[in-house]
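> My questions are about this predicted structure, shown below with the sequence.
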Amino acid sequence: MRIIRPSHISPQHPIATQEYAVYTPPINELIETIGNWINRMESGGYIHGPSRFGKSRGIKWYVRSALEERFNAAIPLVIWVRRHDMHVSEVDFWRDLLLASKFRFVDEMKHKSRRAGVRELFRNRMVSLANASNSNYIVILIDEAQDVTLREWQWLMGLQNILDLDGYRLSVFSIGTQQIGYQHDYLAKTGNSHIAARFFVLNSPFHGLRGIEELRFVLEGYDQESEWPAGSGKSYLHYFAPAQFLAGRRLADCTDDLWRALNDLLPSEFKLFYEKRSLEVEIPMKHVALAIEEALWRLAEGQEWEDVTHYDSWVDIIRETGFSGHIDAITQVA
């Protein structure tokens with residue numbers, strides 16, 4: 001990220017705004033899992049993983065289009081990002097879902113104190129979305145779902161029941177940090193096993209990058225699978241470092257050094273955590289993205305390719321992203 005940028009770099013470039021995502025193998029797995037659940041019209045399920053692994057980016061940039069490509073049809077899908085600071089009144093809950101469904105006529109004053117009215121409005125919105133796709137099926141996908149409360153799950157279950165009576169099927173799929181997994185046990189132990197059975201029986205982990213080949217896949221995204229401006233044919237690397245790109249330089253050629261730097265900066269406790277469980281080490285996508293962005297900025301500023309992309313440079317760049325501190329934090333949570 002740069003406030004002061006080289007004159008030839010547009011402030012609207014996705015790297016400059018950090019409004020982009022690169023397709024990754026974990027995002028592909030997430031989409032495959034959700035697609036399989038949709039195909040079976042499951043009532044619910046959740047995907048869990050540590051923060052900054054790339055879940056929200058995958059949902060924002062890829063899930064809807066990838067599912068529509070898989071099913072060759074528009075999916076009646078409502079993506080709701082559950083806000084951490086949300087005041088959990090039932091009116092606010094349904095209004096937030098209406099906004100997430102792109103409903104254009106949410107009259108806040110009219111429905112301010114009419115719980116039944118706004119709830120019915122959202123039910124009608126779900127029916128409308130299903131009918132518009134010539135289906136009786138709707139999906140709600142909740143991001144940051146670790147913050148959803150018991151009352152909210154009860155309201156969603158009630159909505160599912162009402163729609164079912166009307167001949168419509170509703171799936172509620174959730175994406176959240178590792179803490180979302182605790183909700184299953186909590187619900188079961190507090191007399192709400194029926195909610196757990198609806199929304200928490202199916203689950204799947206969201207992984208970080210596992211191994212050199214997955215990292216290489218991501219770097220190839222910056223090399224050739226990205227594009228800006230639209231229709232220009234210029235990848236992110238081509239745009240930021242045109243001379244090096246035309247000379248045949250590619251970030252994918254740096255995979256070994258970058259992977260080694262990332263692994264060398266992992267705290268010993270993190271490595272031990274994975275070794276004890278016979279699991280592959282997983283690297284958060286966020287820190288890979290921050291490292292690549294910094295390398296692109298340095299190249300755009302005129303630094304030599306060899307100076308930016310050698311092992312010691314990657315170590316310095318990754319340290320600046322707060323990588324080790326974040327790994328420590330998620331290891332404590334796990």
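Cool, the structure landed.
> ok, now which ones touch Ile138?
Ile138 makes contact with 76-78, 126, 129-130, 163, 168-171 under the criterion Cβ atoms under 8 Å, 6 or more residues apart in numbering. (C-beta placed from N, C-alpha, C; glycine too.)
> same thing with Arg151?
88, 90.
> hmm, back to that, tell me the one of the contacts of Ile138 nearest Ala16?
Closest approach between the contacts of Ile138 and Ala16, by Cβ to Cβ: Leu77, at 29.7 Å.
> Go ahead and confirm the closest one touches Leu141.
Yes. Between Leu77 and Leu141 there is a contact under Cβ atoms under 8 Å: 6.3 Å.
> who touches both of those two?
With Cβ under 8 Å, 6+ apart, Leu77 and Leu141 have common neighbours Val63.
> of the two, who's got more company?
Between Leu77 and Leu141, counted using other Cβ atoms under 10 Å, the more crowded position is Leu141 (24 against 20).
> Contacts for the worst-scoring helix or strand of the chain on mean pLDDT, please.
Lowest on mean pLDDT, DSSP states H and E among the helices and strands of the chain sits helix 323-333, with a mean of 77. Surrounding helix 323-333, the residues in contact under the criterion Cβ under 8 Å, 6+ apart are 50-52, 177-179, 262, 265-267, 269-270, 273, 284, 286-287.
> In helices, which of those fall?
262, 269-270, 273, 286-287 (DSSP state H).
> Show me what secondary structure element comes after the helix ranked longest in the chain.
Taking DSSP H as the criterion, the chain has its longest helix at helix 115-132. Downstream of helix 115-132, the first helix or strand assigned by DSSP states H and E is strand 137-143.
> CA atoms only: put whichever helix or strand comes after that next one into PDB for me.
As assigned by DSSP H and E, the chain's next helix or strand after strand 137-143 is helix 150-165. C-alpha atoms of helix 150-165 as PDB (Å, rounded to 0.1, in the frame of the first residue of the first chain):
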ATOM      1  CA  LEU A 150     -28.500 -17.800  19.500                       C
ATOM      2  CA  ARG A 151     -31.500 -15.500  18.800                       C
ATOM      3  CA  GLU A 152     -30.400 -14.900  15.300                       C
ATOM      4  CA  TRP A 153     -30.100 -18.700  14.600                       C
ATOM      5  CA  GLN A 154     -33.600 -19.100  16.100                       C
ATOM      6  CA  TRP A 155     -34.900 -16.400  13.700                       C
ATOM      7  CA  LEU A 156     -33.300 -18.100  10.700                       C
ATOM      8  CA  MET A 157     -34.700 -21.400  11.800                       C
ATOM      9  CA  GLY A 158     -38.100 -19.900  12.000                       C
ATOM     10  CA  LEU A 159     -37.700 -18.400   8.500                       C
ATOM     11  CA  GLN A 160     -36.600 -21.800   7.200                       C
ATOM     12  CA  ASN A 161     -39.700 -23.400   8.700                       C
ATOM     13  CA  ILE A 162     -42.100 -20.800   7.300                       C
ATOM     14  CA  LEU A 163     -40.600 -21.100   3.800                       C
ATOM     15  CA  ASP A 164     -40.800 -24.900   4.000                       C
ATOM     16  CA  LEU A 165     -44.500 -24.700   4.700                       C
END
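> Now find how far off-centre helix 150-165 is within its chain.
25 Å (Cα atoms, centre = their mean, to the nearest Å).
> So what angle separates the directions of it and strand 137-143?
Angle between the axes of helix 150-165 and strand 137-143 is 170 degrees (criterion: axes from the mean of the first three to the mean of the last three Cα atoms, to 10 degrees).
> Any buried residues in the helix or strand hosting Ile38, and which?
In this structure, Ile38 sits in helix 25-39 according to DSSP H and E. For helix 25-39, the buried set under the neighbour-count rule, 16 or more other Cβ atoms under 10 Å, comprises 25-27, 29-31, 33-35, 37-38.
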